[in-house]
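In: Sequence plus predicted model, see below.
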Amino acid sequence: MKRISSTIALILIIADLFGQQTEALKIGTKIPELAPLDILGSTQKFDLNDKTGKLVIVDFFTTGCIPCIASIPKMEALQKEFRGQLEVVMVTPDNIEKVEALKKKSEIFRKNTLPIVAGNSELKKLFPYQAVPTHIWIDEKGAFIYMTDGESSNSENLKKYFGKNAITLASRQTDFSRSLPLWKQLNKSSLQPSYASIISRHVKGTTSVSGFTRDSIDRKINGYQSINSIPLTVLIAALRDKKNTFSDWRRIILEGKAKDYKFPDKMTAKWSEEHSYCYELFQQGATEEQIKETMLEDMKRFFSLSGKIEQRNSPVLVLKIFDKSKLKSKKTERAIRYKVDDNSDFELEHVTLQEFFTATVGYPGTKYSLPVLNETDYEGFVDINLKGKIEDIESVRKQLKHYGLELVEEERNLPFLVLYGI
């Protein structure tokens with residue numbers, strides 16, 4: 001009996017120690033003893049516990065986070081500027097296969113000189129971030145001192161830090177959950193309403209997400225949730241239908257007060273915080289159309305915004321075929337490759353023309369000033385390579401001619417989504 005009791009006690013002690021290691025750290029506490037981290041593509045390891053005398057920035061990222069990848073040159077420059085004082089390590093929960101795949105697509109990532117730790121989920125238990133990029137600052141004595149965004153890790157703040165001057169960094173939210181309804185988090189209530197409509201300001205430290213919510217049992221739509229999004233996002237969701245999704249902003253017209261929410265040429269965290277909101281609607285037993293009507297009423301009531309679908313004549317770019325004989329695919333396996341850093345050098349093999357259109361000239365994010373339509377009727381597969389940036393429309397037009405395709409400007413009568421202030 002004594003031996004069994006001792007074994008149980010030992011198990012409890014081990015479990016307690018393990019729980020302590022994975023518990024979220026509080027600002028100002030020393031990081032626990034951790035196993036050295038495996039650096040991708042290297043036999044060396046990154047030991048967070050062996051960096052005495054240096055500031056360490058742990059840069060949490062994912063392979064699908066474009067701002068994370070775009071900031072790599074900045075972080076490399078900071079490490080060079082503060083050589084001997086600063087070390088940066090990039091950490092992602094994504095597996096090695098995803099990281100290696102990103103290297104093939106991104107020149108910035110391929111040329112990166114910072115150590116990368118892939119497939120790591122343990123550090124998130126210590127630093128439970130909600131959005132990427134998130135930067136963890138660990139001081140020269142091994143204490144966790146800041147959880148901040150990527151913008152705050154800059155030369156100005158680092159000079160102040162190393163100069164022993166006070167700095168204020170943007171904080172990251174750790175206790176917000178996108179999986180819980182807003183009303184539970186705001187009101188701390190266990191009551192489930194049959195109808196609730198909530199609007200709050202921007203929640204710092206979490207990403208933007210929007211969509212209709214569904215009942216967990218019968219999967220019927222029971223509401224809508226939009227986190228850190230502009231009110232126009234809710235309007236578009238309420239007005240779109242199966243024929244008109246309005247995923248292309250070139251098919252959306254802003255008038256009056258709605259123009260206040262037009263995305264700036266250079267998006268900033270400040271603009272996002274000032275113009276985005278959190279909105280949640282819960283309407284048990286309502287149809288999808290009734291839920292959309294309530295969404296419109298809420299946007300009218302709280303933001304004085306409304307919208308409607310109108311037919312309008314407009315100049316457009318139209319993808320057409322002038323010679324089908326040049327389109328036949330010589331490949332047998334589907335492939336879509338391009339440089340994600342600057343949206344250039346597309347190589348598409350054994351794809352349909354609709355797939356080509358969606359990935360290139362018809363992609364909503366492509367910076368053409370006019371809406372783009374696909375009026376081809378080819379049902380076979382094609383191989384198409386486009387060199388250079390997809391935004392260079394004259395270069396794209398010239399290259400398309402080799403495949404019997406043309407991108408011409410014409411006029412069409414199309415449904416537009418008109419958003420306006422009231």
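Out: Cool, the structure landed.
In: Next one: the residue positioned nearest the centre of the chain from Ser329, what distance?
Out: Nearest to the mean C-alpha position of the chain, counting by Cα atoms, centre = their mean, stands Cys65 at 5.5 Å. Noted for Cys65: a distance of 33 Å to Ser329, by Cβ to Cβ, to the nearest Å. Backbone N, C-alpha and C define where each C-beta goes, glycine included.
In: And Tyr420, by the same measure?
Out: Note on Tyr420: its distance to Ser329, by Cβ to Cβ, is 46 Å.
In: low-scoring stretches of this protein, by residue?
Out: For the chain, applying pLDDT under 70 flags the ranges 1-22, 183, 186-192.
In: That one - how does it break down into domains?
Out: If you go by automatic domain parsing, the domain ranges for the chain are 20-162, 182-303, 313-416.
In: so can I have TSV of those domains showing distance to Leu169?
Out: As requested, the domains of the chain are exported to TSV (distance: least, Cβ to Cβ, whole Å):
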stretch	distance to Leu169
domain 20-162	4
domain 182-303	12
domain 313-416	28
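In: closest one to Thr174 among these?
Out: Of all the domains of the chain, domain 20-162 sits nearest to Thr174, with 5.0 Å by Cβ to Cβ.
In: Please give the element, helix or strand, for Ile198.
Out: strand 195-201 (DSSP states H and E).
In: just how off-centre is that strand within its chain?
Out: Centre-to-centre, strand 195-201 and its host chain are 24 Å apart (Cα atoms, centre = their mean, to the nearest Å).
In: Tell me which strands the following helix or strand past it pairs with, and in which orientation.
Out: Using DSSP H and E, the helix or strand that follows strand 195-201 in sequence is strand 209-214. Applying DSSP bridges to the sheet, strand 209-214 is found paired with strand 221-229 (antiparallel).
In: The next helix or strand along the chain from the partner strand packs against which elements?
Out: Using DSSP H and E, the next helix or strand after strand 221-229 towards the C-terminus is helix 231-239. On a contact count with 3 or more Cβ pairs under 8 Å, 6 or more residues apart in numbering; DSSP states H and E, helix 231-239 meets strand 209-214, strand 221-229, strand 252-255, strand 277-283, helix 288-303, strand 305-321, strand 405-421.
In: mind redoing it with 7 Å?
Out: When contacts are defined as 3 or more Cβ pairs under 7 Å, 6 or more residues apart in numbering; DSSP states H and E, helix 231-239 packs onto strand 221-229, helix 288-303, strand 305-321, strand 405-421.
In: out of those, deepest packed?
Out: Per residue and on average, the most neighbours among these fall to strand 221-229, with a mean of 21 (mean count of other Cβ atoms under 10 Å).
In: Contacts for that one next, please.
Out: Applying Cβ atoms under 7 Å, 6 or more residues apart in numbering, the contact partners of strand 221-229 are 178, 202-203, 206-215, 233-234, 237, 276, 278-284, 288, 291, 295.
In: all helices of this protein, in order?
Out: 2-22, 66-70, 72-81, 96-105, 107-110, 122-126, 155-162, 182-187, 231-239, 269-275, 288-303, 353-359, 393-400 (DSSP state H).
In: Could I get the buried residue list for the fourth one?
Out: Residues of helix 96-105 classed as buried by neighbour count (16 or more other Cβ atoms under 10 Å): Val99, Leu102, Lys103.
In: Next, format those residues as CSV and append distance to Val396.
Out: As requested, the buried residues of helix 96-105 are exported to CSV (distance: Cβ to Cβ, whole Å):
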residue, distance to Val396
Val99, 31
Leu102, 25
Lys103, 27
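In: Tell me which of the helices of the chain is the most buried.
Out: Most buried among these, counting by mean count of other Cβ under 10 Å: helix 231-239, with a mean of 22.
In: any idea of the angle it forms with helix 288-303?
Out: Interaxial angle of helix 231-239 relative to helix 288-303 (axes from the mean of the first three to the mean of the last three Cα atoms, to 10 degrees): 150 degrees.
In: send the alpha carbons of helix 231-239 over as PDB?
Out: Extracted in PDB, the C-alpha atoms of helix 231-239 (Å, rounded to 0.1, in the frame of the first residue of the first chain):
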ATOM      1  CA  PRO A 231     -20.200  48.200 -41.000                       C
ATOM      2  CA  LEU A 232     -20.200  47.900 -44.800                       C
ATOM      3  CA  THR A 233     -19.200  44.200 -44.300                       C
ATOM      4  CA  VAL A 234     -22.500  43.600 -42.500                       C
ATOM      5  CA  LEU A 235     -24.400  45.500 -45.200                       C
ATOM      6  CA  ILE A 236     -22.900  43.400 -48.000                       C
ATOM      7  CA  ALA A 237     -23.600  40.200 -46.300                       C
ATOM      8  CA  ALA A 238     -27.300  41.200 -45.800                       C
ATOM      9  CA  LEU A 239     -27.800  42.300 -49.400                       C
END
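In: List of residues touching it?
Out: With Cβ under 7 Å, 6+ apart, helix 231-239 has contacts from 210, 224, 226, 246, 258, 261, 277, 279, 292, 295-296, 299, 303, 305, 307, 309, 417, 419.
In: Same check on stretch 300-312?
Out: With contacts defined as Cβ under 7 Å, 6+ apart, stretch 300-312 is touched by 199, 231, 235, 239, 244, 257-258, 296, 299, 413-422.
In: Look up the residues forming beta bridges with the closest residue to Asp345 other than its chain neighbours.
Out: Sequence neighbours aside, Lys339 is the residue nearest to Asp345 in space, at 5.1 Å (criterion: Cβ to Cβ, 6 or more residues apart in numbering). Under DSSP bridges, the beta-bridge partners of Lys339 are Ser344.
In: Now do the nearest residue to Asn222 once chain neighbours are set aside: how many residues are near it, please.
Out: In space, and not counting its chain neighbours, Asn222 is closest to Asp215: 4.9 Å by Cβ to Cβ, 6+ apart. By other Cβ atoms under 10 Å, 12 other residues sit near Asp215.
In: Distance of Asp215 relative to Leu114?
Out: 45 Å.
In: Beta-bridge partners for the closest residue to Leu182 other than its chain neighbours, please?
Out: Excluding its sequence neighbours, the residue lying closest to Leu182 (Cβ to Cβ, 6+ apart) is Glu280, at 4.2 Å. Judged by DSSP bridges, the bridge partners of Glu280 are Ile198, Gln225.
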